[in-house]
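# no sequence for this one, just the structure:
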């Protein structure tokens with residue numbers, strides 16, 4: 001973890017990682033929605049996604065020539081990878097792919113953006129600390145943004161409560177995973193090892209079930225869907241490496257900034273690739289989400305303080 005006063009170089013590195021991961025998350029949603037629209041089952045898609053990404057990451061471990069594979073079999077790393085994978089990868093991804101069959105990608109991305117705000121609530125409960133008032137204000141502003149986004153006439157809402165519930169469950173699970181990573185991530189372990197272990201554990205857990213339940217679907221892939229799957233696997237592998245690298249350099253508060261760029265990427269992908277309409281009200285909702293997260297992460301006061309110092 002970084003200290004309380006990270007150097008300028010550290011801040012710049014963290015900012016770059018946040019931007020890249022956010023854009024990769026948006027690409028993940030776009031690839032996933034396209035593949036689901038091609039008729040692929042969400043569970044099958046998830047298993048192939050994590051299996052392909054884990055193969056890429058394991059190959060990276062072997063090619064790194066640092067004997068990092070041995071770290072995967074240590075008990076703390078195994079436990080962490082399985083638990084983190086279940087609450088932070090498997091459940092959110094399966095529910096997300098399920099929801100994306102009906103929920104617009106732009107709206108779904110905004111729901112996911114709530115996970116950083118919820119992270120503060122979960123972290124406060126776990127650590128038994130009172131949430132600072134400015135963070136509570138930021139959370140309420142973010143919730144107001146989502147309320148506007150889900151209001152009738154803002155975005156297409158002709159889907160059932162089941163799909164909406166699945167979409168809402170994703171940020172809750174992600175917030176729990178964020179807190180778990182913050183308090184339980186093994187120290188001194190390579191991000192590549194943690195990423196490979198997390199995705200490999202989920203592939204091993206769900207592959208037999210997917211073959212048994214949806215075995216016929218595994219052979220029904222089109223060329224376009226297969227190409228999109230390859231892109232999804234590459235995006236997933238890279239995003240998880242960078243995610244664990246980011247957690248080495250910052251905490252849950254810093255990681256929450258990923259939501260800014262995930263929202264922009266997801267909204268843009270929905271408009272460009274799926275002809276989803278971006279209204280003025282939706283843009284207002286996005287602005288409120290950004291403002292809420294900025295207040296929650298104490299960025300507003302930091303900017304004002306820096307501006308006051310410049311004036312003196």
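In hand now; what should we look at? Since the structure is predicted, the reported quantities are computational estimates derived from the model, not experimental observations.
# what's the closest non-adjacent residue to residue 167?
residue 99 (4.1 Å; Cβ to Cβ, 6 or more residues apart in numbering). Using the backbone N, CA and C atoms, a C-beta is placed for each residue, glycine as well.
# pLDDT at the one you found, what is it?
Predicted confidence (pLDDT) for residue 99: 84.
# So what's the residue count around it?
Residues near residue 99, counting by other Cβ atoms under 10 Å, number 25.
# give me every residue that touches it.
With contact taken as Cβ atoms under 8 Å, 6 or more residues apart in numbering, residue 99 is in contact with 108, 163, 164, 166, 167, 170.
# go again using 10 Å as the cut-off
33, 36, 42, 107-108, 111, 159, 162-170 (Cβ atoms under 10 Å, 6 or more residues apart in numbering).
# ok, so of those residues, who is nearest residue 92?
Among these, residue 170 lies closest to residue 92 (Cβ to Cβ), at 4.7 Å.
# Now for that closest one: which residues touch it?
91-96, 98-99, 108, 111-112, 114-115.
# Mind telling me what element the closest residue to it other than its chain neighbours is part of?
Using Cβ to Cβ, 6+ apart and skipping residues adjacent in sequence, the residue nearest residue 170 is residue 92, 4.7 Å away. Taking DSSP states H and E as the definition, residue 92 sits inside helix 91-99.
# measure the residue nearest to residue 167 to residue 241 for me?
Using Cβ to Cβ, to the nearest Å, we find residue 99 at a distance of 26 Å from residue 241.
# Same check on residue 58?
12 Å.
# Overlap of the contact sets of the two?
Joint contacts of residue 58 and residue 241 (Cβ under 10 Å, 6+ apart) are 192, 196.
# Please settle this for me: is residue 204 part of a strand?
No - Residue 204 is assigned helix when assessed by DSSP: H, G, I helix; E, B strand; the rest coil, not a strand.
# Verify the stated contact: it with residue 50.
Yes - at 9.5 Å, residue 204 and residue 50 qualify as touching, with contact defined as Cβ atoms under 10 Å.
# how near is residue 222 to residue 35?
10 Å.
# okay, the two: which has more neighbours?
residue 35 (27 against 12).
# Let me see the contact set for that one.
42, 44-45, 48-49, 97, 100, 221-222, 224-229, 231-232.
# I'd like to know which of these are buried.
Among the contacts of residue 35, those classed as buried by 16 or more other Cβ atoms under 10 Å are 42, 44-45, 48-49, 97, 100, 221, 225, 228-229, 231-232.
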